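**Q** Have a look; sequence and predicted model below, questions after that.
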Amino acid sequence: MSSYPLLNAFLTILWFFLWVLWFMLLFKVVFDIFRDDRLSGWAKAGWMVFVCVLPFVGVFVYLVARGRGMGERDLRHAQAQERAFRSYVQEAAAGGPAPGMSRADELTKLAGLHDHGDITDAEYEAAKAKVLVS
């Protein structure tokens, strides 16, 4: 028989999840401090010192003072990521060059595909003309 009662196991699990919740909140606040473009470097440093030296008080004061804007900043960040993703997908679907590839790289890749017989002469000429036009 175990000497660790069920209630103690429940309390241990509760404390563990509260501890995980605390760290999630702490990291959320730290990421929000660094994500906010309207804060100056000194203000970011001040908030970080406050959050690191007095973590419980610092996090709760931050939530009271700047908590309303956290959701707005998260929304703006998510919208910017969505716009960037959509732009990338549209560029890729349009057949634009891959990020970091020059025209010479694209032509080299096309020549390799043509030499291996993966594309026909007509496809090679059409793709080459498309690369040279863009």
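**A** Arrived safely, thanks for sending.

**Q** Let me know the pLDDT of the residue nearest the centre of the chain.
**A** The structure's the chain has its C-alpha centroid closest to residue 81; by CA atoms, centre = their mean the separation is 7.6 Å. The pLDDT attached to residue 81 in the predicted structure is 90.

**Q** Relative to the whole chain's centre, how far out is stretch 27-34?
**A** Between the mean C-alpha point of stretch 27-34 and the mean C-alpha point of its chain there is a distance of 13 Å (CA atoms, centre = their mean, to the nearest Å).

**Q** List the residue ranges of the chain that fall below the pLDDT cut-off.
**A** With pLDDT under 70 as the threshold, the chain has low-confidence stretches at 1-2, 92-100, 134.

**Q** Helices along that one, start to end?
**A** In the chain, the helices defined using DSSP state H lie at 6-35, 41-53, 55-93, 103-115, 121-133.

**Q** what's the angle between the first one and helix 55-93?
**A** Meaning helix 6-35. With axes from the mean of the first three to the mean of the last three CA atoms, to 10 degrees applied, the angle from helix 6-35 to helix 55-93 works out at 60 degrees.

**Q** Can you list the buried residues in helix 6-35?
**A** By 16 or more other CB atoms under 10 Å, the buried positions in helix 6-35 come out as 26, 29-30, 32-33. Placement of C-beta: from N, CA and C, glycine included.

**Q** Can you tell me how far residue 90 is from residue 82?
**A** Separation of residue 90 from residue 82 (CB to CB, to the nearest Å): 12 Å.

**Q** Number of residues surrounding residue 47?
**A** 22 (other CB atoms under 10 Å).

**Q** quick revisit: where's the residue nearest to the centre of the chain relative to residue 35, distance?
**A** Between residue 81 and residue 35 the distance, using CB to CB, works out to 12 Å.

**Q** Give the intersection of the neighbour lists for the two.
**A** Listed as contacting both residue 81 and residue 35 by CB atoms under 8 Å, 6 or more residues apart in numbering is no residue at all.
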